[in-house]
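S.K.: Show me how the following folds:
(chains A and B)
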Amino acid sequence: EPEVTQTPSHQVTQMGQEVILRCVPISNHLYFYWYRQILGQKVEFLVSFYNNEISEKSEIFDDQFSVERPDGSNFTLKIRSTKLEDSAMYFCASRQGSGANVLTFGAGSRLTVL
Amino acid sequence: GDSVTQMEGPVTLSEEAFLTINCTYTATGYPSLFWYVQYPGEGLQLLLKATKADDKGSNKGFEATYRKETTSFHLEKGSVQVSDSAVYFCALSTDSNYQLIWGAGTKLIIKP
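M.R.: Here you go, the predicted structure:
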């Protein structure tokens, strides 16, 4: 069964460092998403991406965050200068489109900022 | 704004017990409703969904009915197994972007 792949599974970084989380969505999917879950809290929407541009973003997704689809397969989330409160599990998801309303999620990337 | 409320966990049951995890929602419009499951060390997997009132979603012995009158989507299973131990998330989507709004998750522990 097709799956969404995320790397790394766990990253530890120092505060102020840049982090790039990578995702390979399902190949025929057109819509891409990033969500995050701070430990013990709800899953929160960060951003959605379609046709090479951001279609929607939440208040969390400030100027420190950016997304990119650098080639035909990868979808990346960059945090420019990490803060302690960025420590969370980050989930990538993709959706086929054309009325399909089911998101397929990756296993997540755990980011720990020290 | 739109929101989802789930019963707090952990919920601890013995094998073969009946399971109910409560989920209620508030939303403008007519949301689609989902249950996702997260097994230890894995990602979020869609368990079942319902897109309109009175629809029943079912999968792997789990089921949930979309109740518009009570704004609920409770998850049930008649006989749980140890392998059902996981965190269960209720979620809704109302917009064309299918952005999901999540409940807090309920950890389910099944003891042999």
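S.K.: Which parts of chain A are strands?
M.R.: Under the criterion DSSP state E, chain A contains strands at A:5-7, A:10-13, A:19-24, A:31-37, A:43-50, A:53-57, A:65-68, A:75-79, A:88-95, A:104-105, A:109-113.
S.K.: low-confidence ranges in chain B?
M.R.: For chain B, the stretches flagged by pLDDT under 70 are B:96-97.
S.K.: what do you get if the cut-off is 80, keeping everything else the same?
M.R.: B:41, B:95-98 (pLDDT under 80).
S.K.: Tell me the residues of it that contact chain A?
M.R.: With CB under 8 Å from any CB of the partner chain as the criterion, chain B meets chain A at residues B:32, B:36, B:41-46, B:49, B:51, B:89, B:91, B:93, B:97-105. All C-beta spots, glycine's among them, are computed from the backbone N, C-alpha and C.
S.K.: give the contact list for B:Lys60.
M.R.: B:Leu47 (CB atoms under 8 Å, 6 or more residues apart in numbering or on different chains).
S.K.: And A:Val24, by the same measure?
M.R.: Here A:Val24 is in contact with A:Val4, A:Thr5, A:Gln6, A:Ser73, A:Asn74, A:Phe75 (CB under 8 Å, 6+ apart).
S.K.: Return the distance of the nearest residue to the third one once chain neighbours are set aside relative to B:Asn59.
M.R.: Distances taken as CB to CB, 6 or more residues apart in numbering or on different chains place A:Gly106 nearest to A:Gln6, at 3.8 Å, with adjacent residues excluded. Relative to B:Asn59, A:Gly106 is positioned 20 Å away (CB to CB, to the nearest Å).
S.K.: So if I had to pick from the two, which one is more boxed in?
M.R.: Counted by other CB atoms under 10 Å in any protein chain shown, A:Gly106 and B:Asn59 do not tie: A:Gly106 has more neighbours, with 27 against 14.
S.K.: picking that back up, A:Leu21 is in contact with the residue nearest to A:Gln6, correct?
M.R.: No. Here A:Gly106 does not reach A:Leu21: they are 9.9 Å apart, not a contact under CB atoms under 8 Å.
S.K.: Just checking, which helix or strand of chain A averages the lowest pLDDT?
M.R.: strand A:104-105 (a mean of 91; mean pLDDT, DSSP states H and E).
S.K.: can you count the residues close to A:Val67?
M.R.: 22.
S.K.: Revised request: answer the last question for A:Pro70.
M.R.: That count, for A:Pro70 with other CB under 10 Å as the rule, works out to 9.
S.K.: That one contacts A:Asn52, doesn't it?
M.R.: No. If you go by CB under 8 Å, A:Pro70 and A:Asn52 don't touch, sitting 10.5 Å apart.
S.K.: ok, residue 105 - contacts?
M.R.: Since no chain was named, I'll use chain A. A:Val4, A:Tyr35, A:Phe91, A:Cys92, A:Ala93, B:Tyr36, B:Gly43, B:Leu44, B:Gln45.
S.K.: not what I meant, chain B
M.R.: Neighbours of B:Gly105 in contact, by CB under 8 Å, 6+ apart: A:Lys42, A:Val43, B:Gln6, B:Gly9, B:Gln38, B:Val87, B:Tyr88, B:Phe89.
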